[in-house]
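Q: Starting from these lines, generate the structure:
(one chain, ligands or ions: 1)
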Amino acid sequence: MTETRVYPDRGSLAAGLAEQVAAELNKAIRKRGRATLAVPGGETPRAFLSELSLQNVEWDCVSVILTDEHFVPEASGHSNGRQVRTLLLQNLAAEAQFHPFYHEVSEPEDALPLIATDLHEILPIDVCILGMGTDTRVAALLPNSDQLEEALGLWAPTVMVVRDHEDGEPRFTLTAPVLERARKAHVLIVGEEKKVTLREAQKVGLVEDAPVRVILNRARATTIHYAD
Ligand SMILES: O=C(O)[C@H](O)[C@@H](O)[C@H](O)[C@H](O)COP(=O)(O)O
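A: Model (predicted):
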């Protein structure tokens, strides 16, 4: 089931989504005693993350994970973990438990067992926030990656290292089975170009050709949030 919400501007999307996610997290905590929140990197969720940090949630019962991460320490400006710590893990949300993907290992693949063990206790995701690239990526399910087919597969591991076909940069990503099992998914679509891109992806086609279809076609409950 897919719902749609349209906001007059990005500020009202950030505030409206923060209230909705806070209610969903508190509902999950009332039901199961805890909740897992997954958030992406990128520009789109920044204002939302700050708004969410002010929401009245039982944050000490919330585990926060990323949907994807670069293989860089949090000192790097490219670190999604740095963005989460700076924008979300402040104010009331400072009490939440963050589970970073980055570990100081020589190869990104060496971190995978550490990440998988850490995630084992806190999956499935209760609330998953996703941006979408203009190439229809969600998380780091990159359309041009040689690892995409495995990451989309039914038997994909929880987390994988995928490499951008052009620049070869390694990224950690939650895989399709993890993302689609989220109890609630929110996709943030901001600006005309992404609206057009999503409209195309909503047509019939292969998931490999538009990874956002993992969420559009397979997720349990999705809300798409639009703003100009
Ligand atoms: O680390 C990342 O880049 C994200 O997780 C990625 O999936 C992002 O959500 C989209 O590429 C949209 O990025 P913007 O919000 O910057 O447009």
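Q: Now tell me what touches stretch 25-33 from outside.
A: For stretch 25-33, contacts defined as C-beta atoms under 8 Å, 6 or more residues apart in numbering pick out Arg34, Ala35, Leu37, Val57, Glu58, Cys61, Val62, Asp126, Val127, Arg183. Every C-beta, even on glycine, is put in place using the N, C-alpha and C of the backbone.
Q: Look up how far Lys203 lies from the residue lying closest to Ser12 once chain neighbours are set aside.
A: Distances taken as C-beta to C-beta, 6 or more residues apart in numbering put Ala227 closest to Ser12, at 7.2 Å, once the chain neighbours are dropped. Using C-beta to C-beta, to the nearest Å, we find Ala227 at a distance of 23 Å from Lys203.
Q: And Gln90, by the same measure?
A: Separation of Gln90 from Lys203 (C-beta to C-beta): 41 Å.
Q: out of the two, which sits in the more crowded spot?
A: Gln90 (13 against 8; other C-beta atoms under 10 Å).
Q: The more buried one reaches Ser53, doesn't it?
A: Yes - taking C-beta atoms under 8 Å as the definition, Gln90 is a contact partner of Ser53 at 5.0 Å.
Q: ok, which pair from the contacts of stretch 25-33 is furthest apart?
A: By the measure C-beta to C-beta, Glu58 and Arg183 form the most distant pair in the contacts of stretch 25-33, at 16.9 Å.
Q: and the chain, which residues reach the ligand?
A: Within the chain, the positions adjacent to the ligand are 40-44, 67-68, 80, 131-133, 137-139 by C-beta under 6 Å from any ligand atom.
Q: Could you give the secondary structure assignment for the most far-flung residue of the chain relative to its centre?
A: No residue in the chain sits farther from the centre than Ser106, which is 25.3 Å out by C-alpha atoms, centre = their mean. Look at Ser106: counting by DSSP: H, G, I helix; E, B strand; the rest coil, its state is coil.
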